[in-house]
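K.L.:
dropping the sequence and predicted coords here.
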Amino acid sequence: MNKNRLFHYIILFAALLLWGCSDTDNPGGEFPDNSKALLILNEGSREGNNATLARYDLQEETIIKDYFNLVNKDGLGDVANDMLQYGSKIYIAVSISGTLEVLEAATGRSLRRIEMKRVGGQSKEPRRLAAHGGKVYVTSFDDTVTRIDTLTLAFDGSVTVGMDPEGIAIKNNKIYVTNSGGLNWANGYDNSLSVIDLTSFTEEKKIVVGTNPGSLYADSQGDIYLSVTGNYADEPGAFKMIRSGSSTVETIAGIASPQKFVISNNMAYIICGAWEEPNRVVVYDCLKEEIVSDSFISDGTEIPIMNNVSVDPVTGDLFVASTDYIHPGDVYWFDKTGTLKKRLIALGINPSVVLIQN
């Protein structure tokens, strides 16, 4: 666990968690074509067992803040790290609980709760998700990547990588995984990226990329992008790239203190800002290899702490999840010009991934 997160969790343990009422700011606006709802994953607080899934109905403009519980008469669990839709199913990695929740995308109904535990019953701490070829791949803090068959929902293989793997991307018949070493922060982070052959599901090599690598995505050319967080002291973060077919790591100038990011239609939307500094979203064109905007938000909207960023690939709308690590956070919905369309308020503790439910 890094120092940043440790501090946040200490605050969380001491705080009274307050839940807001169901409402929105700035009603109205256009919605993605043929879409029914937004699903918003709220991570919850560590050992708070309060992860939630919210649903915002695009036509009725109403929010169900505990949608998963309403549909399934059960809680989601302890710290929901990632959410992915693949085919007709939605997969949610719940880290401390050690589960992978599989939902029917159209209804939110739980199809199966897959236990992701080590020998002895401890959680593997599943972190991030990727999908390809009828399989879902899960990075976990037991230093593994697990493969799950999407038809049988059974384990289909596992490979050991580096310390505390975090981000994952699949491209070029390879699986790329950033090894953060986040749980070992007191003794030194990992600094590597594992390259796994997709067919044999074996690790081919590790590439040194920098201290504490995190988020990871690929563009359409097969170039791999990653944020390297550094050690929050004398090693600063950096935004880096590995070109398709290469093992050489290049640092992209002008993008300081990168955190989570997403790539859509070859545009990278990168949350930037060091601890206790205001956050902003930098936009980088992966094909032109240039910064398009140093601040995506164009209307003056201020979001002090950004927890995650998601994008609608059809409309180009951007969803920025905000948090103070104590109270239920908000999701700011911007159009492709960076103008605020809507603010969904007090959704849950640490809102994160936003999906378009069709």
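P.N.:
Good, I have the coordinates.
K.L.:
assign the nearest residue to Thr99 once chain neighbours are set aside to helix, strand or coil.
P.N.:
Computed as Cβ to Cβ, 6 or more residues apart in numbering, the closest residue to Thr99 that is not its neighbour in sequence is Arg113, at 5.2 Å. Yep, even glycine has a C-beta here, placed from its N, CA and C like the rest. Using DSSP: H, G, I helix; E, B strand; the rest coil, the structure places Arg113 in strand.
K.L.:
need the contact list for Arg113.
P.N.:
Shown in contact with Arg113 (Cβ atoms under 8 Å, 6 or more residues apart in numbering): Thr99, Leu100, Glu101, Val102.
K.L.:
double-check that the third one belongs to a helix.
P.N.:
Think Glu101. No. Counting by three-state DSSP, Glu101 falls outside a helix, being strand.
K.L.:
from Val228, how far off is the closest residue to it other than its chain neighbours?
P.N.:
For Glu101, ignoring the flanking residues on the chain, the nearest one in space by Cβ to Cβ, 6+ apart is Ile92 at 4.2 Å. As for Ile92, its distance to Val228 is 27 Å (criterion: Cβ to Cβ, to the nearest Å).
K.L.:
now the helices for the chain?
P.N.:
3-14, 67-72 (DSSP state H).
K.L.:
for the shortest one, which positions count as buried?
P.N.:
Along helix 67-72, the positions that meet the burial threshold by neighbour count (16 or more other Cβ atoms under 10 Å) are Tyr67, Phe68, Val71, Asn72.
K.L.:
tell me the residue furthest from the middle of this structure?
P.N.:
Here the chain has its C-alpha centre computed as a mean, and the residue farthest from that point, by Cα atoms, centre = their mean, is Gly120 with 28.2 Å.
K.L.:
check that residue and give its pLDDT.
P.N.:
We note a pLDDT of 89 for Gly120 in this prediction.
K.L.:
measure it to Gly98 for me?
P.N.:
The gap separating Gly120 from Gly98 is 11 Å, by Cβ to Cβ.
K.L.:
hang on, the earlier thing: would you list the contacts of Arg113 in JSON lines and tack on distance to Arg343, neighbour count and pLDDT?
P.N.:
Shown next, in JSON lines, are these (distance: Cβ to Cβ, whole Å; neighbours: other Cβ atoms under 10 Å; pLDDT from 0 to 100):
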{"residue": "Thr99", "distance to Arg343": "31", "neighbour count": "23", "pLDDT": "98"}
{"residue": "Leu100", "distance to Arg343": "31", "neighbour count": "24", "pLDDT": "98"}
{"residue": "Glu101", "distance to Arg343": "27", "neighbour count": "24", "pLDDT": "98"}
{"residue": "Val102", "distance to Arg343": "31", "neighbour count": "19", "pLDDT": "98"}
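K.L.:
how many neighbours does Pro328 have?
P.N.:
For Pro328, the number of neighbouring residues by other Cβ atoms under 10 Å comes to 22.
K.L.:
for it, give the beta-bridge partners.
P.N.:
Applying DSSP bridges to Pro328 yields these beta-bridge partners: Ile349.
K.L.:
return the set of buried residues in stretch 140-155.
P.N.:
Buried residues in stretch 140-155, counted by 16+ other Cβ under 10 Å: Ser140, Phe141, Asp142, Asp143, Thr144, Val145, Thr146, Arg147, Ile148, Thr150, Leu153.
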